[in-house]
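**Q** Below are the sequence and a predicted model; questions follow.
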Amino acid sequence: MDVLIRADASATIGSGHITRTLTLARSLRDAGAAVAFVTRRHAGNLIDLCRDSGFETMALEIVTGPPSAEPPPAHAAWLGSSWQEDANATVAAIVQRATRPAWLIVDHYALDERWEQALRPEVERIMVIDDLADRRHDCDLLLDQNLVDDADERYRDKVSETCAMMLGPRYALLQPVYAELHERVAVRAGPIRRVLVWFGGGDGAGLPQRALRAFLDLNRPDVACDLVVATEDPVLDALAHGHRNVRVHRRLPSLAQLMVDAQLAVGAAGATSWERMCLGLPAIVVTLGDNQVAIARTLQRGGYARWLGAVDAVSDDDLRHALREALDHEANSRSSRLGWSTVDGRGVWRVRAALLLGEATPLALRRAAWADGDLLLEWANDPETRRRSLGRALIAPQEHQQWLAARIGSDDCLLLVCETADGVPLGTVRFERSKDAWQLSYGVGSAYRRRGLARRMVELAIVELVRARGPCQITARVMADNARSHSVFRQLGFEVNAADDPMIEYRRAFAARAS
């Protein structure tokens, strides 16, 4: 499989778009995909990092010209050209490589559906990584890894109904080390002895210097401070000089170990939030741009972090007071536990599975467990699932817990989860005993639909039911307008047994060996 990524980094944009797409690119490469980057030569670009990571990288030059007659995207100034010129240059890069990408992955606030439509004839599928939900997209898969209120509603009128969605930090593109450490890190408790400061790959609007001054003003030699910056900063070095409890780090490949060692973080409310939460690290955050406000508001409301406000409204006294208050108390165990339980660090595997899923993808079945409860509820409440169900109201968490408790381990129910060989859940199949037959129902996760998975998943599940319970009759009830499910059951040899508007019932007998 060939994958092309269009993303940029700069002093204005920061490093986050390239950092997270590099994480995804490495994971795809590990699975056998060929991955290349198209990125522009902004001041502060990460072209060398992409190339040093072993990826073919095509660099676009900055292009100045007359403004477009069409309304530009909100962050058009971050592109370094018109969107039309950028689209033409990206098409030229594809032609130069002489390979039609199976996926084009776009991670850029300055590009919208017009650019994507221009690239559509050159690629098989398009994936968009977005955080803002402020423009329309023409894509097959959309990833927004942010924890924000009403995540399902933000893209309602901005993508097509057939676009698969991966929403929330469950899909955060974190380096694999975070998933590994997630299983071993302890919930923070006791006195704070180490603070981590990191405001991202841009200059952080001078916040690294301001945060260090605030820390030094507190005169706490019993507390160590790890301050991470992306570039040389003589003023920062001068401030840190002579303070044995302050260490300045540059160009680190990962923040993971520093996060494990710390009991408090001070930083921005961007993508690093999910790394901190994965490792249970409480944080004080400042928003560096409008794109971080919705995230910060949700982090504050949910108890995941303390939000001081926007960078231009947060004073040095605010920083100093927040640090003093935190250091005068023990580590925030509640915030640590909440973050750890929300982000498990396996998002990159989930996204990779969505990109690589095909007819040849090996599948495995296992019995559902109590730990699957949240995921099963998410699938059950997916908007498309509810539209295809007779009962369309959202299922409440307490109702779902009672339902699950009655079925796990029951002789009258076989509840299965289908997953990839590396353990990424893709969907579920359920059999419930009903009079003289087993009633079958299934669901596929939003990101994995329309990829030929349903028929294979149901077929494997039927084999498992017959193996476990012997010869049987199986029925399935399908909404009349659910064409894909009708196709699945017809392909598997089911015949219409009854039609009771708006449902059609299928039925088939299976002998000792299902086929």
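**A** Yes, it's here. Numbers count the residues shown, from 1 in each chain.
**Q** Outline the domain layout of the protein.
**A** Per the record, the chain has its domains at 2-167, 177-342, 359-510, by automatic domain parsing.
**Q** Compute the first-to-last residue distance for stretch 161-169.
**A** 22 Å (C-alpha to C-alpha, to the nearest Å).
**Q** Mind listing what's buried along that stretch?
**A** By neighbour count with 16 or more other C-beta atoms under 10 Å, stretch 161-169 contains the buried residues 163, 164, 165, 166, 167, 168, 169. Every residue, glycine included, has its C-beta placed from N, CA and C.
**Q** can I assume the fifth one is in contact with residue 150?
**A** No. Counting by C-beta atoms under 8 Å, residue 167 sits too far from residue 150 to count as a contact (10.4 Å).
**Q** what residue is smack in the middle of the chain?
**A** residue 171 (2.4 Å; C-alpha atoms, centre = their mean).
**Q** List the contacts of the nearest residue to it once chain neighbours are set aside.
**A** Nearest residue to residue 171, sequence neighbours excluded (C-beta to C-beta, 6 or more residues apart in numbering): residue 347, at 4.4 Å. Residue 347 makes contacts with 145, 169, 170, 171, 172, 173, 174, 274, as judged by C-beta atoms under 8 Å, 6 or more residues apart in numbering.
**Q** need these in CSV with secondary structure, distance to residue 307 and pLDDT, can you?
**A** Converted to CSV, the contacts of residue 347 look like this (DSSP: H, G, I helix; E, B strand; the rest coil; distance: C-beta to C-beta, whole Å; pLDDT from 0 to 100):
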residue, secondary structure, distance to residue 307, pLDDT
145, coil, 19, 95
169, helix, 17, 95
170, helix, 22, 93
171, helix, 23, 96
172, coil, 19, 97
173, coil, 23, 98
174, coil, 22, 97
274, helix, 16, 97
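**Q** List only those of the residues you listed flagged as buried.
**A** Looks like those have 145, 169, 170, 171, 172, 173, 174, 274 buried, using 16+ other C-beta under 10 Å.
**Q** Tell me the one of those nearest residue 59?
**A** residue 173 (22.6 Å; C-beta to C-beta).
**Q** Can you tell me how far the closest one is from residue 165?
**A** 15 Å (C-beta to C-beta, to the nearest Å).
**Q** cool, residue 414 as well?
**A** On the measure of C-beta to C-beta, residue 414 and residue 165 end up 29 Å apart.
**Q** on that earlier part again, would you reformat the buried residues of stretch 161-169 as a markdown table and include secondary structure and distance to residue 424?
**A** Below are those laid out as a markdown table (DSSP: H, G, I helix; E, B strand; the rest coil; distance: C-beta to C-beta, whole Å):
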| residue | secondary structure | distance to residue 424 |
| --- | --- | --- |
| 163 | coil | 20 |
| 164 | strand | 14 |
| 165 | strand | 16 |
| 166 | strand | 12 |
| 167 | strand | 16 |
| 168 | coil | 15 |
| 169 | helix | 16 |
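**Q** Can you say which of the domains of the chain is nearest to residue 351?
**A** domain 2-167 (6.2 Å).
**Q** Okay, buried residues for the helix or strand harbouring residue 508 please.
**A** Using DSSP states H and E, residue 508 falls within strand 503-510. Residues of strand 503-510 classed as buried by neighbour count (16+ other C-beta under 10 Å): 504, 505, 506, 507, 508, 510.
**Q** Contacts only, for the fourth one.
**A** It refers to residue 507. 437, 473, 474, 475, 476, 494, 495, 497.
**Q** biggest separation within those residues, which pair?
**A** 437 and 495 (13.3 Å).
**Q** gap between the closest residue to residue 157 other than its chain neighbours and residue 510?
**A** Residue nearest to residue 157 in three dimensions, not counting chain neighbours: residue 136, with 7.7 Å by C-beta to C-beta, 6+ apart. Taking C-beta to C-beta as the measure, residue 136 falls 46 Å from residue 510.
**Q** How about residue 459?
**A** 11 Å.
**Q** Give me the contacts around the lengthiest helix in the chain.
**A** In the chain, assigned by DSSP state H, the helix with the most residues is helix 453-469. Applying C-beta under 8 Å, 6+ apart, the set of residues contacting helix 453-469 from outside is 357, 359, 361, 363, 365, 414, 416, 418, 426-427, 429, 431, 438, 440, 442, 444, 472, 474, 484-485, 487-489, 491-492, 510-514.
**Q** again, but for stretch 290-302
**A** So stretch 290-302 is in contact with 109, 131-132, 146-149, 268-270, 273, 283, 285, 287, 304-307, 310, 338, going by C-beta under 8 Å, 6+ apart.
**Q** Buried residues, it. List them.
**A** Neighbour-count burial for stretch 290-302 [16+ other C-beta under 10 Å]: 291, 292, 294, 295, 296, 298, 299.
**Q** again, but for stretch 455-471
**A** By neighbour count on 16+ other C-beta under 10 Å, the buried set for stretch 455-471 is 455, 456, 457, 458, 459, 460, 461, 462, 464, 465, 466.
**Q** And the pLDDT for the fifth one?
**A** Translated: residue 459. pLDDT recorded at residue 459 is 97.
**Q** now it: how far from residue 294?
**A** Taking C-beta to C-beta as the measure, residue 459 falls 42 Å from residue 294.
**Q** try the fourth one
**A** When C-beta to C-beta is applied, the distance between residue 458 and residue 294 equals 39 Å.
**Q** tell me the mean pLDDT over the strand or helix carrying residue 373?
**A** Here residue 373 sits within helix 373-380, counting by DSSP H and E. Here helix 373-380 scores 92 as its mean pLDDT.
**Q** C-terminal to that helix, what's the next element?
**A** Following helix 373-380 toward the C-terminus (DSSP H and E): helix 383-387.
**Q** Need the residues that contact that next one.
**A** Taking C-beta under 8 Å, 6+ apart as the rule, helix 383-387 contacts 152, 161, 379, 392, 393, 394, 443, 446, 449.
**Q** Tell me how far the closest residue in space to the second one that isn't next to it in sequence lies from residue 459.
**A** Same thing as residue 161. In this structure, residue 161 finds its nearest non-sequential neighbour in residue 384, 7.9 Å apart by C-beta to C-beta, 6+ apart. Going from residue 384 to residue 459 by C-beta to C-beta gives 22 Å.
**Q** sorry, back to before: going by neighbour count, which of the contacts of stretch 290-302 are buried?
**A** 109, 131-132, 146-148, 268-270, 273, 283, 285, 287, 304-307, 310, 338.
**Q** follow-up on the earlier one: show me which of the buried ones among the contacts of residue 347 is closest to residue 196.
**A** residue 274 (15.0 Å).
**Q** Give me the distance between the closest one and residue 295.
**A** Residue 274 is 10 Å from residue 295, by C-beta to C-beta.
**Q** Likewise for residue 491?
**A** 43 Å.
**Q** Might you report the residue contacts of the residue of the chain most remote from its centre?
**A** The outermost residue of the chain relative to its centre, with distances by C-alpha atoms, centre = their mean, is residue 436 at 43.3 Å. Counting by C-beta under 8 Å, 6+ apart, residue 436 makes contact with residue 473.
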